[in-house]
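A.B. asks: A structural model of the following input is requested.
(chains A and B)
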Amino acid sequence: MELVFLLICGGLAVISSLLVIFARSTLHSALWMVFSFFMVAVIYVLLHAQFLAMLQIIIYAGAIMMFIIFAVMMLNLRQERDAKVNTRISKVVGVGALIVLFLELMLVSLGQNLNAIQGPITDTLVATYGRVAVISNFLFADYLLPFEVVSILLTAGVIGAVVLAKRVK
Amino acid sequence: MIENQSIYLALSVVLFIIGAAGAVCRRNAIVVFMCIEIMLGGVSIAFVTFSRAHQSLDGIFMVLFVMAVAAAEAAVGLAIFVLMYRKHGSIDLDKFNLLKW
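C.D. replies: So this is what the prediction gives:
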């Protein structure tokens, strides 16, 4: 059952990601991107990371894609012309480099035995306390410093965006 | 080792490669930005898979922080696109070669 869901949603994620690239209109790309994020959220659920799936939908499909669609609609983009690839060599080199990268990553991720140390978060622990309780216990104890640094980063990002987009008089 | 682990990892690699190909091929800055988000999504799937396989939460926290950084990146990046559009009337990446000699 899990395998069926994984294959369907993984396939849809791959197809919608390809459509993001091949769609002619930027707005269509953005909408396919939303679909792709939903499929990735389903895959998080299959991996028992329900909290992340919710965050994926709220942050990515909600907040970030809203930003992008706002930008697309404000900028009045003209239809993009075909990319001018100057030589056949650049095509061959580009495709070759991507294939090499693909094979390399596949080899690294599938080719070795990945039974490493088992951590403390067993399924019984999660069943007792609940996934979010376990996550928050770790987030506000072990990961407190990174958490605060990320909040500073977000503040800096907001200030940077306002400063950049402000019209200079 | 969880069941179907290799399928999850293969999916993450495929998403990463699709994102990389799109980031290289497309010239519209917003589409390139979205392709980078696809790459981040692929890497996140790998993180969550390893997190589940090793019964650890570190991968999940990594994905949380990736999401926060992606949100900050979206805010700053789109502000830069708006500036680029205001200055040149398009966000075609081939026209932005200010740093190229």
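A.B. asks: Flag every buried residue along the host helix or strand of A:Asn137.
C.D. replies: Using DSSP states H and E, A:Asn137 falls within helix A:131-139. Under the neighbour-count criterion of 16 or more other Cβ atoms under 10 Å in any protein chain shown, helix A:131-139 has A:Arg131, A:Val134, A:Ile135, A:Phe138, A:Leu139 buried. Using the backbone N, CA and C atoms, a C-beta is placed for each residue, glycine as well.
A.B. asks: who's in contact with the first one?
C.D. replies: Translated: A:Arg131. With contacts defined as Cβ atoms under 8 Å, 6 or more residues apart in numbering or on different chains, A:Arg131 is in contact with A:His48, A:Ala49, A:Gln50, A:Phe51.
A.B. asks: Can you select the buried ones among those for me in PyMOL?
C.D. replies: In PyMOL, a selection of the buried entries from the contacts of A:Arg131 looks like this (16+ other Cβ under 10 Å):
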select buried, chain A and resi 48+49+51
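A.B. asks: which one of the contacts of A:Arg131 sits closest to B:Gly42?
C.D. replies: A:Ala49 (15.2 Å; Cβ to Cβ).
A.B. asks: list the buried ones in the longest helix along chain B?
C.D. replies: Scanning chain B for the longest helix, with DSSP state H as the assignment, gives helix B:58-88. Using 16+ other Cβ under 10 Å as the test for burial, helix B:58-88 gives B:58-64, B:66-68, B:70-82, B:84-85.
A.B. asks: From the rest of the structure, what touches the helix or strand that comes right after the helix holding A:Asn137?
C.D. replies: Toward the C-terminal end, the helix or strand that comes next after helix A:131-139 (DSSP H and E) is helix A:144-165. In this structure, residues lying in contact with helix A:144-165 by Cβ under 8 Å, 6+ apart are A:139-140, B:61, B:65, B:68-69, B:71-73, B:75-76, B:78-80, B:82-83.
A.B. asks: repeat that with 6 Å
C.D. replies: Applying Cβ atoms under 6 Å, 6 or more residues apart in numbering or on different chains, the contact partners of helix A:144-165 are B:Phe65, B:Ala68, B:Ala72, B:Ala75, B:Val76, B:Ala79, B:Val82, B:Leu83.
A.B. asks: Find me the pLDDT at residue 88, would you?
C.D. replies: Using chain A. We have a pLDDT of 73 for A:Arg88.
A.B. asks: You answered for a different chain; I wanted chain B.
C.D. replies: 80.
A.B. asks: go on, A:Asp82?
C.D. replies: In this model, A:Asp82 is scored at 54, pLDDT.
A.B. asks: for B:Val32, same thing?
C.D. replies: Here the pLDDT value assigned to B:Val32 is 91.
A.B. asks: In the host helix or strand of it, which residues are buried?
C.D. replies: Assessed by DSSP H and E, B:Val32 sits inside helix B:29-53. Neighbour counts over helix B:29-53 (16+ other Cβ under 10 Å) mark B:29-53 as buried.
A.B. asks: which strands and helices sit next to that helix?
C.D. replies: In terms of contacts (3 or more Cβ pairs under 6 Å, 6 or more residues apart in numbering or on different chains; DSSP states H and E), helix B:29-53 is packed against helix A:26-46, helix B:5-25, helix B:58-88.
A.B. asks: which one of these lies closest to A:Gly119?
C.D. replies: Nearest to A:Gly119, of all these, is helix B:58-88, at 7.8 Å by Cβ to Cβ.
A.B. asks: Which positions in the helix or strand of chain A with the lowest mean pLDDT come out as buried?
C.D. replies: Every helix and strand in chain A was compared by mean pLDDT, DSSP states H and E; the lowest is helix A:123-129, with a mean of 73. For helix A:123-129, burial by neighbour count (16+ other Cβ under 10 Å) applies to A:Val126.
A.B. asks: got a list of what the residue nearest in space to the middle of chain A touches?
C.D. replies: Nearest residue to the geometric centre of chain A (Cα atoms, centre = their mean): A:Phe37, 6.9 Å. For A:Phe37, the contact set (Cβ under 6 Å, 6+ apart) comprises A:Tyr60, A:Ala61.
A.B. asks: same deal with the one 3 residues further on?
C.D. replies: The neighbours of A:Val40, taking Cβ under 6 Å, 6+ apart as the test, are A:Ala13, B:Gly41.
A.B. asks: Sweet, I'm off.
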